[in-house]
Structure formats: structure tokens, C-alpha cells
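[1] this one's sequence-less:
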């Protein structure tokens with residue numbers, strides 16, 4: 001049975017995009033994955049780059065506001081950052097909200113001394129998100 005899962009972050013630029021990409025890549029047939037933000041910040045090119053390194057193409061994604069998905073009956077809403085968790089909108093249907101927080105790669109990258117060090121923050125969070133998405137059927141049951 002496919003469940004509709006929304007990955008929600010502040011700007012739908014990085015973490016939620018990665019989570020949607022991983023869910024579509026790893027859980028096809030189990031999860032109908034969507035991502036959105038409580039704001040829109042555009043698709044982060046470093047998120048696209050590190051996901052491509054892992055064999056997942058999210059380059060066709062775009063930053064979406066949660067209101068754009070109002071017609072989707074979500075079973076689960078997974079907030080990926082504290083701000084989205086604290087400001088998560090109410091969902092009129094039966095959606096269960098789950099918070100799984102991850103560090104913010106763009107924020108961490110600001111203090112990096114090189115591009116490679118900056119990308120390492122993205123890669124670490126990418127891999128943490130992959131692990132969380134891989135475990136999802138167990139945590140969503």
C-alpha cells in the first residue's frame with residue numbers, strides 16, 4: 001500500500017528535496033513522496049550536486065509552497081527542521097506529523113574553508129536523510 005508522505009522544511013530548497021528524492025528512489029511503490037516548504041527558497045544547487053553523486057537526480061525538482069499541495073491527502077507529514085516543525089500548518093485530513101530533524105547544510109557550509117568542506121556537510125546530511133528514508137516503513141507503521 002502506498003502512503004502519501006510530505007517532507008516539509010522551511011524553504012523546500014535542500015533537506016526536503018533530498019528526502020523526496022530518496023523516497024522516490026528507494027521506496028517507489030511504498031511511498032508517494034512530495035516535498036514543500038512553509039516558504040520557497042529555490043532549489044539548492046549543492047543539494048542537486050550531492051544527490052547526483054549518489055545516483056539520484058533531483059535537478060527537475062522545484063521549490064514548492066505547502067499550499068500548492070493542499071489537495072493531496074497526506075498520510076504523513078515529516079518535518080525535517082525545527083522551524084518547519086514549530087510552524088507546521090494544520091492538515092485537515094488524517095495526516096500524522098512526525099519530526100525528524102537534520103542539520104542545515106547551507107548554514108553549516110557558510111563556515112567551511114573550502115568548497116569540498118562545504119560539500120561534505122551536504123553529503124553527511126544527504127546520507128543521514130537516506131538512512132531515515134530507508135527506515136521509513138518501520139517508523140511510519
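    Perfect, I can see it now. Source: prediction; values computed, not measured.
[2] show me what counts as buried in the helix or strand that contains residue 78.
    Following DSSP states H and E, one finds residue 78 within strand 76-79. Within strand 76-79, the residues that count as buried by 16 or more other Cβ atoms under 10 Å are 76-79. Glycine gets a C-beta too; all of them are placed from N, C-alpha and C.
[3] name the helices or strands packed onto it?
    strand 3-9, strand 96-99 (3 or more Cβ pairs under 8 Å, 6 or more residues apart in numbering; DSSP states H and E).
[4] model confidence score at the closest residue to residue 134 other than its chain neighbours, please.
    Leaving aside its sequence neighbours, residue 134 sits nearest to residue 26 (Cβ to Cβ, 6 or more residues apart in numbering; 5.9 Å). Model confidence at residue 26, given as pLDDT, is 96.
[5] could you do residue 138 as well?
    Confidence score, pLDDT, at residue 138: 53.
[6] do the same with residue 92
    Reading off the model, residue 92 has pLDDT 61.
[7] for residue 83, same thing?
    pLDDT, read off for residue 83, is 80.
[8] that one: neighbouring residues, count only.
    Applying other Cβ atoms under 10 Å, we find 16 residues neighbouring residue 83.
[9] which element is it on?
    helix 82-86.
[10] residues of that helix that come out buried?
    83-85.
[11] closest one to residue 57 out of these, please.
    residue 84 (24.4 Å; Cβ to Cβ).
[12] which ones are touching that closest one?
    Neighbour list for residue 84: 8-10, 37-38 [criterion: Cβ atoms under 8 Å, 6 or more residues apart in numbering].
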